[in-house]
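A.B. asks: Build me a structure from this.
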Amino acid sequence: MGGDDGAKGLPARNELHLLRKVFHAFNGLMFATVYYVAGYWLSIRLILALAVFSWFLEAARLGPLPQLNQLLIRLTGGIMRASEVTRPSGICFFATGVLVTGLLFSQRTTTLAILYLGLGDPFASAVGILVGPSIPALRMPNGKSLAGTAAAWALNVCVTLLYLGPEMAGVLPLAVLGGLVGALTELAMPGPVRPKFVDDNFNIPIASGIALHLLSAVLLDEP
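C.D. replies: Next up, the predicted model:
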């Protein structure tokens, strides 16, 4: 089976693909819960193991084992995109982005960055796909919609306030500015066609982590 044949019937990046978005949100909540509950070192080890395993699996299916690629397409076709038949899947970038963020930043910052990725990113995509076509003025050159960006920003703000508590001093500007960085990082990504190793699952948690780390140092007096 060739790459194009394997992609037949699979959704493109700019399609709603609701099951994929639910899976993405589940991953975000799962990663955030594991990181919050299991503690730093155990979480890092688990995420490192997942990242290594997922990249090993991708290298095998996209390289010397096309039969493995066919098997995975059959098993995971409900959550797979057409572009992932011939390029690494999102879970590799997701695990790697979370791993790098966890190594660089505090538990609080990492947990929020994971939630921005897991919840804000698919929400931006869903709103952009559903609402964007009806408001052409909000459509950006890369095909994304500012409607999706606004939705992700609002959700990121709510997630931050719920996680940190709205009564904490400095939390509102941190939520507004940190959530905006997460939403703008998603907006800045290339459209439906992008380079093989460029993925928002990697960029969003790291960019969000940097912003939240700096904002926490300024607004909360603790990074």
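A.B. asks: Show me where this structure has its helices.
C.D. replies: 3-7, 18-38, 40-62, 66-76, 90-104, 107-115, 121-131, 146-164, 171-188, 200-215 (DSSP state H).
A.B. asks: okay if I get these as a markdown table plus mean neighbour count?
C.D. replies: Glycine gets a C-beta too; all of them are placed from N, C-alpha and C. Listed next are the helices of the chain as a markdown table, based on neighbours: other Cβ atoms under 10 Å:
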| stretch | mean neighbour count |
| --- | --- |
| helix 3-7 | 15 |
| helix 18-38 | 17 |
| helix 40-62 | 16 |
| helix 66-76 | 15 |
| helix 90-104 | 23 |
| helix 107-115 | 24 |
| helix 121-131 | 22 |
| helix 146-164 | 21 |
| helix 171-188 | 21 |
| helix 200-215 | 24 |
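A.B. asks: Figure out which of those is closest to residue 194.
C.D. replies: helix 200-215 (9.1 Å; Cβ to Cβ).
A.B. asks: quick one: residue 213 and residue 95, what's the gap?
C.D. replies: Taking Cβ to Cβ, to the nearest Å as the measure, residue 213 falls 21 Å from residue 95.
A.B. asks: next one: residue 132
C.D. replies: Where residue 95 is concerned, residue 132 sits at a distance of 29 Å (Cβ to Cβ).
A.B. asks: Check residue 44 too.
C.D. replies: Using Cβ to Cβ, which is the criterion applied here, residue 44 is 11 Å from residue 95.
A.B. asks: got it, and residue 75?
C.D. replies: Counting by Cβ to Cβ - residue 75 and residue 95 are separated by 19 Å.
A.B. asks: now the protein, which segments are flagged as low pLDDT?
C.D. replies: 1-8, 192, 223 (pLDDT under 70).
A.B. asks: Nearest residue to residue 132 in space, please, no chain neighbours.
C.D. replies: Nearest non-adjacent residue to residue 132, counting by Cβ to Cβ, 6 or more residues apart in numbering: residue 145, 3.0 Å away.
A.B. asks: Tell me how many other residues crowd the one you found.
C.D. replies: Neighbouring residues of residue 145 were enumerated by other Cβ atoms under 10 Å; the total is 25.
A.B. asks: again with residue 106
C.D. replies: The local packing count at residue 106 equals 16, with neighbours defined by other Cβ under 10 Å.
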